[in-house]
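>>> Build the 3D model from these lines:
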Amino acid sequence: MADSIPGRSSRFEGRRGPLAGLLLRNLLFSILTLGIYRFWGRTHVRRFVWRHTVLLDDALEYLGTGGELFIGFLIAVAALLPVFAAFAVLQFVFADGPQYALITLEILYYLVLFFLVQIAIHRMRRYRLTRTAWRGVRFGLGGSSLTYACISFGYSLLAAVTLGLAYPWMRAATLGYFARHAYFGTAEIDLTPNARWLFVRWMPVVGLSFGVPLLVIVLNLGKIETAVEDFEIYGTSGVRDTLASLTLWPLILLPMTLFFWIWYRVMEFRHMIGCLTVGDTYFSSAVRSRYVFGRFLIFSLVMVAFVLLLGVIAVSVMTGFARIGQAEGAVAVLIVFVPVLILLLFSGIVRILFLDIPLLRHACETLEIRNAAALEEAVQSSAAVPSYGEGTAEALDVGGF
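Numbering: from 1, shown residues only. Down below sits the predicted model:
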């Protein structure tokens with residue numbers, strides 16, 4: 001086997017048609033079973049994606065089951081109920097108390113939920129890795145979910161306090177913790193990203209997200225003070241011009257921020273892949289920003305077309321009912337609610353078909369594996385694997401596929 005196999009190291013062989021049929025069937029059965037089937041449906045989708053993802057001419061295997069996910073979900077719900085109950089009781093206790101107490105309670109509640117999400121992420125990835133095999137060898141993830149949650153929670157707070165400046169260090173720390181505790185059979189996995197390298201490429205996103213808006217506000221402080229004075233004297237008419245001038249900036253900055261955000265994620269992905277090792281095997285990625293931009297554009301256009309179609313249908317139905325004098329009350333609410341529900345149900349399918357799968361295919365096509373022969377030396381690890389599914393991740397709806 002060649003030591004370096006550019007462009008042929010991996011590929012995704014799945015076709016959109018069969019996957020779309022699988023996703024629609026899962027949606028139908030999930031609706032009929034009031035959401036219970038989604039655990040088995042998610043398992044079917046993962047098996048489809050895994051078995052069509054080919055590395056060095058051998059496909060991945062997904063070994064998880066819907067029953068494991070369902071049991072994990074029930075365990076997580078049982079564990080989360082005391083948290084929700086305690087919050088409800090404390091809200092009742094402090095209902096007549098000072099406002100700052102309620103605000104503090106809300107902040108603490110969401111901080112606790114965020115911490116639990118980090119635990120869920122670690123457990124979710126542990127489950128997925130232990131249920132993934134290649135050439136009969138299983139992946140795995142050790143480490144502590146609590147330790148990971150503390151690392152992620154601390155760096156997230158640091159990133160928030162620094163207005164996003166610490167984000168590259170957060171990514172390097174969290175992904176590095178995962179990789180250092182992951183393994184493939186007996187081969188250890190490692191990841192040593194350079195946070196400073198990432199920070200240089202992260203700066204445009206931070207500048208456009210926080211720096212430029214703050215600069216705009218500082219430069220327009222005089223206008224804002226005048227607008228406030230005019231509002232006190234003349235009402236809303238005195239602030240229209242100021243608001244009109246300030247709202248132009250978000251319209252300009254948002255597309256630019258999204259552009260640099262996508263560009264940064266591509267650079268980060270390529271950097272992380274380049275810093276990844278599995279035993280003595282090394283990787284590199286040539287994912288192209290232009291392709292990723294194109295896929296996001298196509299996905300956005302499809303979503304816009306879908307929303308417009310639902311809007312046209314809703315207006316047409318509303319007009320039809322209006323002609324017969326029935327477009328009032330519950331009927332009008334139902335006409336608005338149904339398109340929104342359809343959008344929520346189908347948006348995930350559209351994202352998978354027009355964004356997730358094309359990006360996965362491109363990532364596989366642009367992956368290079370060096371010293372691939374070393375992977376053949378890995379043998380099945382005897383480490384214990386979790387007996388149930390993602391649990392808290394399912395309860396909190398964390399993760400894709």
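>>> wait, is residue 292 part of a helix?
Yes. Read with DSSP: H, G, I helix; E, B strand; the rest coil, residue 292 is one of the residues of a helix.
>>> which residues touch it?
Contacts here follow C-beta atoms under 8 Å, 6 or more residues apart in numbering; on that basis residue 292 touches 262, 265-266, 359, 362. (Glycine included, C-beta is placed from N, CA and C.)
>>> one more time with 10 Å
Contact criterion C-beta atoms under 10 Å, 6 or more residues apart in numbering gives 262-263, 265-266, 269, 355, 358-359, 362-363 as the residues in contact with residue 292.
>>> cool, residue 103 as well?
Counted by C-beta under 10 Å, 6+ apart, residue 103 has contacts residue 94.
>>> what's around residue 199, how many residues?
By the measure other C-beta atoms under 10 Å, the count of residues near residue 199 is 16.
>>> Please disregard the earlier target; I meant residue 208.
Residue 208: 20 surrounding residues under other C-beta under 10 Å.
>>> Name all residues that make contact with it.
Applying C-beta under 10 Å, 6+ apart, we find residue 208 in contact with 252-261.
>>> What subset of the contacts of residue 292 is buried?
By neighbour count, with 16 or more other C-beta atoms under 10 Å, the contacts of residue 292 hold 262-263, 266, 355, 358-359, 362-363 as buried.
>>> thinking again about what came up before, in helices only, show me the contacts of residue 292.
Taking DSSP state H, the ones among these that sit in helices are 262-263, 265-266, 269, 358-359, 362-363.
>>> From the residues you listed, pick the one nearest residue 147.
Of all the ones in helices among the contacts of residue 292, the one with the least separation from residue 147 (C-beta to C-beta) is residue 269, at 25.0 Å.
>>> Nearest residue to the closest one in space, please, no chain neighbours.
Across the structure, with C-beta to C-beta, 6 or more residues apart in numbering as the measure, the residue nearest residue 269 apart from its sequence neighbours is residue 287 (5.9 Å).
>>> contacting residues for that neighbour?
Contact partners of residue 287, counting by C-beta under 10 Å, 6+ apart, are 265-267, 269-270, 273, 359, 362-363, 365-367.
>>> switch to 6 Å and redo it
By C-beta atoms under 6 Å, 6 or more residues apart in numbering, the residues touching residue 287 are 266, 269-270, 363, 366.
>>> Report how many residues lie close to the nearest residue to residue 10 once chain neighbours are set aside.
Using C-beta to C-beta, 6+ apart and skipping the chain neighbours, the partner closest in space to residue 10 is residue 364 (4.2 Å). Using other C-beta under 10 Å, residue 364 is surrounded by 19 other residues.
>>> Please apply the same query to residue 68.
Residues within reach of residue 68, counting by other C-beta under 10 Å, total 20.
>>> just checking, next helix/strand downstream of whatever helix or strand it lives in?
Under the assignment given by DSSP states H and E, the secondary-structure element containing residue 68 is helix 66-93. Read in the C-terminal direction, the helix or strand following helix 66-93 is helix 99-130, with elements assigned using DSSP H and E.
>>> Return the set of buried residues in that following helix.
By neighbour count on 16+ other C-beta under 10 Å, the buried set for helix 99-130 is 105, 109, 115-130.
>>> can you give me the strands for this structure?
Secondary structure of the chain (DSSP state E): strands located at 10-12, 53-55, 58-62, 132-134, 137-141, 182-184, 187-191, 276-278, 281-285, 367-370.
>>> what packs against the last one?
Put plainly, it is strand 367-370. Packed against strand 367-370 by the contact rule (3 or more C-beta pairs under 6 Å, 6 or more residues apart in numbering; DSSP states H and E) you find strand 281-285.
>>> For the residue nearest to residue 269, report the pLDDT, please.
Listed pLDDT for residue 287 reads 96.
>>> Repeat that for the one 10 residues further on.
The predicted local distance difference test score for residue 297 is 95.
>>> Check residue 41 too.
Among the per-residue scores, residue 41 shows a pLDDT of 96.
>>> For residue 75, see how far away the nearest residue to it once chain neighbours are set aside is.
Leaving aside its chain neighbours, residue 41 sits nearest to residue 26 (3.0 Å; criterion: C-beta to C-beta, 6+ apart). According to C-beta to C-beta, to the nearest Å, residue 26 and residue 75 sit 23 Å apart.
>>> Who has more neighbours out of the two?
More neighbours surround residue 26 than the other of residue 26 and residue 75, with 19 against 16 (other C-beta under 10 Å).
>>> Looking at the strands of the chain, spot the one closest to residue 157.
Distances from residue 157 to each of the strands of the chain were compared using C-beta to C-beta; the minimum, 22.8 Å, belongs to strand 187-191.
>>> And the closest one, what's buried?
Residues of strand 187-191 classed as buried under the neighbour-count rule (16+ other C-beta under 10 Å) are 187, 189, 191.
>>> swap in stretch 155-172?
Within stretch 155-172, the residues that qualify as buried by neighbour count (16+ other C-beta under 10 Å) are 155-156, 159, 164, 166-172.
>>> Tell me which of these fall in helices.
Judged by DSSP H, those include 155-156, 159, 167-172 as members of helices.
>>> before we move on, the earlier item: how about the contacts of residue 292 in CSV, adding distance to residue 179 and pLDDT?
Putting the contacts of residue 292 into CSV (distance: C-beta to C-beta, whole Å; pLDDT from 0 to 100) gives the following:
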residue, distance to residue 179, pLDDT
262, 24, 95
263, 24, 96
265, 18, 96
266, 20, 97
269, 14, 97
355, 25, 96
358, 26, 97
359, 21, 97
362, 22, 96
363, 17, 96
